[in-house]
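Visitor: give me a model of this one.
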Amino acid sequence: MSKQANPLAIGTFLVGALTLLVVALMVFGGGQFFKEKNRFVIFFDSALNGLNVGAPVKLQGVQIGNVNEISLVMDEATGRVFKPVVIEIDPALLRDVSGQQGGAHTEKQHRQAAQKLIDLGLKGRLETQSLLTGLLYVDLNFHADKPMNLVKLDYKNLPELPSVPTTVDEIRNTADEIINRAKQLPLEDTLKNLSETLAEIRGLLQSDDTRKSMAALAKSLQETQKLMATLNSQSGPLLTNANGALSDTRTTLQELNKQLLPVLKAVETSLNTATQVMQSSQGTLAAVEAMAAPDAPLSQAMQEMRNAARALKDLGESLERQPSAIIYGK
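Guide: Numbers count the residues shown, from 1 in each chain. Predicted coordinates:
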């Protein structure tokens, strides 16, 4: 007959095992299981080769979280395949300017904080950890100048962060765009027109008129060279004569200035004298005008003399008519 198991021993064993499990999780997990983390989803258009679960998530080079999940989602209606990448960010590593931890604790606050970062231009991009291993990580940075690429697919009710293509993808997309535009150009017609134009230019250069024109141009250049040589040889004496003429002119002007100074002084003196005479004449003219006024004594004397002359004239005429009047009176 077998011995019955002791329930107390079994219970003690289970409690001890659970305690050891919790202690192991706290020791080897670094307390990560009990930390609050913010989860986001990012949809990348690029291939995810080299991106693994647990890959670091960095903000401007500082690791703030890890990749938690990589999945594939297919939209059966459109046949489009999405690659949601869930990242976990430790909010304890994001602090404000006062050094305090961010205040987003509820789901609503978490989404509002995420939307504020999105409005500031926060976007995720895949970057290479090592060229040798080809492993990727998620780099978060602010790209306000790049368009916002949001899939708007509700994946596990997680807030979505926009993504931007990798640098290699941007170069590849630019090269593809250039090639597509080059393909649209009428290269065949352009080459045909270019060939025809070159043939016309060749024919024009080989024509007799062009050869004659080139010969005439060469002759003109030779004559121009001769003319320039002649001018160079004669320019020396001409410049010497011109310098002599300028020196003579300068000397003449200096002598003329010396002779003009006394004349100008004499003219100035004469003008001053004439001004004084004019001022004196103005006083004399004023006196004559005063004497010629109707109420002046000279005018009254002239009037009396005119009246006396008129009376003598009347007396003379009367004596001619009656000479006896001088004896007998009128």
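Visitor: alpha carbons only for contacts and neighbour counts from here, please
Guide: OK.
Visitor: partners of the strand ranked longest in the chain, with directions?
Guide: Within the chain, and with DSSP state E defining each element, the longest strand by residue count is strand 62-70. Its sheet considered, strand 62-70 pairs with strand 56-59 (antiparallel), strand 84-89 (antiparallel) by DSSP bridges.
Visitor: now that strand - C-alpha only, CSV.
Guide: Written as CSV, here are the backbone C-alpha positions of strand 62-70 (Å, rounded to 0.1, in the frame of the first residue of the first chain):
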residue,chain,number,x,y,z
VAL,A,62,19.7,57.3,-27.9
GLN,A,63,18.0,54.0,-27.3
ILE,A,64,14.5,54.4,-25.8
GLY,A,65,12.9,51.1,-26.5
ASN,A,66,12.8,47.9,-28.6
VAL,A,67,10.9,46.3,-31.4
ASN,A,68,8.2,44.1,-29.8
GLU,A,69,6.5,42.5,-32.7
ILE,A,70,6.8,42.1,-36.5
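Visitor: any idea which residue sits dead centre in this protein?
Guide: residue 145 (19.5 Å; C-alpha atoms, centre = their mean).
Visitor: before we move on, the earlier item: ok, residues contacting the longest strand of the chain?
Guide: Around strand 62-70, the neighbours that count as contacts under C-alpha atoms under 8 Å, 6 or more residues apart in numbering are 52-58, 83-91, 93-94, 138.
Visitor: make a ChimeraX selection of the buried ones in those.
Guide: Buried members of those can be picked out in ChimeraX with the line below, counting by 16 or more other C-alpha atoms under 10 Å:
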select :52,55,56,57,58,83,84,85,86,87,88,89,90,91,138
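Visitor: hang on, the earlier thing: want to throw the strands paired with strand 62-70 into JSON lines with mean pLDDT and distance to residue 296?
Guide: As requested, the strands paired with strand 62-70 are exported to JSON lines (pLDDT from 0 to 100; distance: least, C-alpha to C-alpha, whole Å):
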{"stretch": "strand 56-59", "mean pLDDT": "94", "distance to residue 296": "117"}
{"stretch": "strand 84-89", "mean pLDDT": "94", "distance to residue 296": "124"}
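Visitor: just checking, what packs against the one helix or strand residue 305 maps to?
Guide: With the criterion set as DSSP states H and E, the secondary-structure element containing residue 305 is helix 297-321. For helix 297-321, the elements it packs on are helix 208-291, judged by 3 or more C-alpha pairs under 8 Å, 6 or more residues apart in numbering; DSSP states H and E.
Visitor: I'd like to know the average pLDDT value across the helix it packs on.
Guide: Per-residue confidence for helix 208-291 averages out to 85 on the pLDDT scale.
Visitor: for it, packing partners?
Guide: Contact analysis of helix 208-291 by 3+ C-alpha pairs under 8 Å, 6+ apart lists helix 297-321 as its packing neighbours.
Visitor: now the angle from the helix it packs on to helix 208-291?
Guide: Taking axes from the mean of the first three to the mean of the last three C-alpha atoms, to 10 degrees, one finds that helix 297-321 is oriented at 70 degrees with respect to helix 208-291.
Visitor: centre of the chain to helix 297-321, how far?
Guide: 104 Å (C-alpha atoms, centre = their mean, to the nearest Å).
Visitor: what is the rounded mean pLDDT of that helix?
Guide: Taken as a whole, helix 297-321 has a mean pLDDT of 81.
Visitor: quick one: contacts for residue 121?
Guide: With contact set as C-alpha under 8 Å, 6+ apart, residue 121 has these partners: 141-145.
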